[in-house]
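Novice: quick one, what's the 3D model for this:
(one chain, ligands or ions: 1)
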Amino acid sequence: MDVAARSWHEFASSETLALGLSGTVAKVLGDAIALRGKATIAVSGGTTPGLFFRTLSREKLDWAKVTVTLIDERFVPADSPRSNAGLVAANLLQHEAAAANFVGLYSEAGNVQSAAQRANDSIARSALPLDAAILGMGGDGHTASFFPDAGNLAALLDPASKSNVLPVHAASGIEPRLTLTLPRIAEAGFVALHIEGVEKRRVLEAALGDGSHLPVRAVFDHAKTPVQVFWTL
Ligand SMILES: O=C(O)[C@H](O)[C@@H](O)[C@H](O)[C@H](O)COP(=O)(O)O
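Specialist: Numbering: from 1, shown residues only. Model (predicted):
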């Protein structure tokens with residue numbers, strides 16, 4: 001299968017990358033609002049996106065018409081230091097973007113399977129189709145919570161999946177996880193992969209090489225639009 005076309009956007013610093021990605025995302029969301037009266041964006045957690053979030057939070061657009069959700073979440077409450085919802089609340093849903101609507105994936109359900117079912121339904125009601133999906137990538141080539149050691153990786157990456165959100169049990173994910181499935185991400189109008197550093201560039205190049213089975217490759221193979229890679233040293 002040919003790898004989906006991709007675009008490589010290289011920046012001199014994290015600061016200029018954050019400005020470039022924020023400006024691009026703000027235009028994507030503004031165009032969606034102009035066309036449909038609303039916009040949805042799913043963002044990733046981790047250590048990389050903080051500066052991008054803080055920069056995007058100051059973009060001037062009709063944030064009240066924007067729904068922000070998550071690409072994936074650790075099965076922890078929002079007040080946990082491991083929570084992606086907490087990261088987004090503290091860094092993105094501030095300033096101009098404080099007016100946005102947020103739909104998380106975690107709920108107090110007794111277990112991650114029940115939480116995934118609840119999230120599956122709430123995402124269907126309020127966040128699909130995504131106008132923008134902003135992905136990160138781990139050093140093992142995972143993106144979202146598509147961990148190589150996930151027991152249900154085939155289900156997570158099934159391009160024909162009807163599920164929106166699935167639970168994930170993977171030792172490398174630390175806590176149980178909740179993640180959007182590959183098709184819900186691949187269907188987004190704009191898909192960006194935000195990675196920083198030489199090592200992650202090497203991992204991505206390996207993932208895009210012939211015969212690679214690193215999970216991030218599935219996004220490039222199935223995205224309906226060229227994946228926009230935003231990278232800096
Ligand atoms: O919940 C998460 O951790 C993210 O959604 C995950 O997919 C992240 O994007 C990668 O693990 C990269 O994380 P870093 O930015 O910390 O390297």
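
Novice: check which residues of the helix ranked longest in the chain are buried.
Specialist: Identified as the longest helix of the chain according to DSSP state H is helix 14-36. For helix 14-36, the neighbour count (16 or more other CB atoms under 10 Å) marks 14, 17-22, 24-26, 28-30, 32-33 as buried. Backbone N, C-alpha and C define where each C-beta goes, glycine included.

Novice: quick one: residues in contact with that helix.
Specialist: The contact list for helix 14-36 (CB atoms under 8 Å, 6 or more residues apart in numbering) reads 9, 11, 38-41, 51-52, 54-56, 58-62, 65-66, 131-132, 134, 189-190, 192, 194, 196, 228, 230-232.

Novice: PyMOL command for the buried members of these?
Specialist: The PyMOL selection below is limited to those of those classed as buried (16+ other CB under 10 Å):
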select buried, resi 11+38+39+40+41+51+52+54+55+56+59+61+62+65+66+131+132+134+189+190+192+194+196+228+230+231+232
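
Novice: about what we covered before: who touches the following helix or strand past the longest helix of the chain?
Specialist: Where DSSP states H and E defines the elements, the next helix or strand beyond helix 14-36 is strand 39-43. For strand 39-43, the external contacting residues (CB under 8 Å, 6+ apart) are 25, 28-30, 32-33, 49, 53, 65-71, 88, 92, 126-134, 180, 185, 188.

Novice: burial count for the closest residue to A64 other than its chain neighbours?
Specialist: Excluding its sequence neighbours, the residue lying closest to A64 (CB to CB, 6 or more residues apart in numbering) is A99, at 4.5 Å. Number of residues near A99 (other CB atoms under 10 Å) recorded here: 13.

Novice: touching, A99 and L61? I think so.
Specialist: No: with contact defined as CB atoms under 8 Å, A99 does not reach L61; the gap is 9.6 Å.

Novice: what does the residue nearest to A64 show for phi and psi?
Specialist: Dihedral angles of A99 (phi, psi; degrees, to the nearest 10) stand at phi -80, psi -10.

Novice: and the pLDDT at it?
Specialist: According to the prediction, A99 has pLDDT 98.

Novice: who touches A97 in this structure?
Specialist: By CB under 8 Å, 6+ apart, the residues touching A97 are 56-59, 63, 66, 68.

Novice: so it, which of the three states?
Specialist: At A97 the chain is in helix, as set by DSSP: H, G, I helix; E, B strand; the rest coil.

Novice: any idea how far R58 is from it?
Specialist: 8 Å (CB to CB, to the nearest Å).

Novice: what's the nearest residue to P159 if we skip its chain neighbours?
Specialist: Using CB to CB, 6+ apart, the nearest residue to P159 is H222, at 4.9 Å.

Novice: I134 belongs to a strand, doesn't it?
Specialist: Yes: assessed with three-state DSSP, I134 lies in a strand.

Novice: which residues in this protein form helices?
Specialist: Secondary structure of the chain (DSSP H): helices at 14-36, 50-56, 84-91, 112-126, 153-156, 182-186, 198-207, 215-222.

Novice: no more questions from me, cheers.
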